[in-house]
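A.B. asks: What shape does this take:
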Amino acid sequence: MVDIGRRVARRASDALGPIAQSGLKALIDQFLDYVQLERGLSPNTREAYRADLLSFAAFLQGRDRRSFNMVQRRDILDYLLAEKERGLSVNSISRRLVSIKVFFRYLQQEGLLDRNVTEAMDSPKLWRILPGVLSIKEVERMLTLACGQDRAALRDGALLELMYASGLRVSEVAELKLDDLHFDDGYLRCAGKGGKTRVVPFGDKARERLLAYLKEGRPKFCRDDSPRHVFLTYRGKPFTRKGLWKLIKSYAVRAGITKKVFPHTLRHSFASHLLANGAPLRIIQEMLGHADIATTQIYTHVDPSRLRAVHARYHPRA
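C.D. replies: Sure thing, here's the model as predicted:
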């Protein structure tokens, strides 16, 4: 029965010729039914596959790939890079690739794929794409722009300085409360992924800007119903993740930075600059809130000169 089904499916595929976008979606739906009904995967897993594969299909449509048989390895690589540039996390990019590989394996098993281009694709090598970082001078240009005594300049300067000083995620900055700041000891507490709380130092410059903002800037944003979030919008509300991203990008543009800037750019710059100046990887891991040091190790590729210096210092025959 399985062989007959495969032959029927193959004849149907051949008859269709180039599969239109609706055809791509039909095959995805067929696969989703398979993983739920025949493999017994949960509805949540099915929805995760669905979101990943529809996103990939939309990308293929933009490249005029009307059939999955038209997909090249380069298409998948470019898609993953596009998702990275869109701000997706390492784990999300890795999951995207896993979904594509499982789907292509299914198509091959069903006789619907001439060649599986994902077979030789090793996910760890693909999703450990170097994070985009700013140079120290580029960061300084952004921070210099956010100077002044009006409420917006005080807020934006404190916000950018804190993000660069602490390596917080955009979502963590958006959720930061007044009670999370501990000025006497120079650190803050934040709730990261999975609700895990960590302690992060923020330094003298961020401390000065935060104090100035809290004294002269934040009261001018406050309304009677404003929450205790540190950073507030003109409406007296907490920032959204998207709102903070737009703010950061606007300063990057004004600073003449031509690199693409994403929500994690200041966080990546924080980690890379610490590493370049000799900070131990384990300490950086703790400050970033990475559960696995393998995630932090992507920054070791950013500064090869430091690796050469370490090798020269410690290797007996360097």
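
A.B. asks: Model confidence score at residue 318, please.
C.D. replies: For residue 318, the pLDDT comes out at 47.

A.B. asks: in the stretch 101-250 of the chain, which ranges drop under the pLDDT threshold?
C.D. replies: 120, 122-131 (pLDDT under 70).

A.B. asks: what's around residue 85, how many residues?
C.D. replies: When neighbours are counted by other C-beta atoms under 10 Å, residue 85 registers 12. (Glycine included, C-beta is placed from N, CA and C.)

A.B. asks: Quick check, it in contact with residue 262.
C.D. replies: Yes - between residue 85 and residue 262 there is a contact under C-beta atoms under 8 Å: 6.7 Å.

A.B. asks: so what's in contact with those two at the same time?
C.D. replies: Residues within reach of residue 85 and of residue 262 at once, by C-beta atoms under 8 Å, 6 or more residues apart in numbering, are residue 132.

A.B. asks: Helices of the stretch 201-318 of the chain, residue ranges please.
C.D. replies: 203-212, 218-221, 241-254, 265-276, 281-288, 293-296, 304-314 (DSSP state H, counting those that start in this stretch).

A.B. asks: for the first one, packing partners?
C.D. replies: Contacting helix 203-212 under the criterion 3 or more C-beta pairs under 8 Å, 6 or more residues apart in numbering; DSSP states H and E are the following elements: helix 151-166.

A.B. asks: helix or strand right after the helix it packs on?
C.D. replies: The helix or strand immediately downstream of helix 151-166 is helix 170-175, counting by DSSP states H and E.

A.B. asks: what comes up buried for that next one?
C.D. replies: Judged by neighbour count using 16 or more other C-beta atoms under 10 Å, the buried positions of helix 170-175 are 170-175.

A.B. asks: Same check on stretch 144-161?
C.D. replies: Buried, per 16+ other C-beta under 10 Å, within stretch 144-161: 145-146, 151, 153-161.

A.B. asks: Same question for stretch 197-205.
C.D. replies: Going by neighbour count (16+ other C-beta under 10 Å), the buried part of stretch 197-205 is 198, 200, 202.

A.B. asks: Over to stretch 229-237?
C.D. replies: For stretch 229-237, burial by neighbour count (16+ other C-beta under 10 Å) applies to 229-233, 236.

A.B. asks: can you check stretch 280-289 too?
C.D. replies: In stretch 280-289, counting by 16+ other C-beta under 10 Å, buried: 281, 284-285, 287-289.

A.B. asks: nearest to residue 273, of those?
C.D. replies: residue 284 (10.2 Å; C-beta to C-beta).

A.B. asks: residues contacting residue 165?
C.D. replies: 202-203, 205-206, 270.

A.B. asks: which non-adjacent residue is nearest it?
C.D. replies: residue 206 (3.9 Å; C-beta to C-beta, 6 or more residues apart in numbering).

A.B. asks: residues in contact with that neighbour?
C.D. replies: Counted by C-beta under 8 Å, 6+ apart, residue 206 has contacts 158, 161-162, 164-166.

A.B. asks: Among those, which one sits closest to residue 64?
C.D. replies: For those, the nearest to residue 64 is residue 164 (41.6 Å; C-beta to C-beta).

A.B. asks: Let me have the buried residues of stretch 197-205 in TSV, adding distance to residue 101 as columns.
C.D. replies: Putting those into TSV (distance: C-beta to C-beta, whole Å) gives the following:
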residue	distance to residue 101
198	33
200	36
202	41
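
A.B. asks: What about residue 56, how many residues nearby?
C.D. replies: 25.

A.B. asks: for it, helix, strand, or coil?
C.D. replies: helix (DSSP: H, G, I helix; E, B strand; the rest coil).

A.B. asks: Can you tell me how far it is from residue 92?
C.D. replies: 13 Å (C-beta to C-beta, to the nearest Å).
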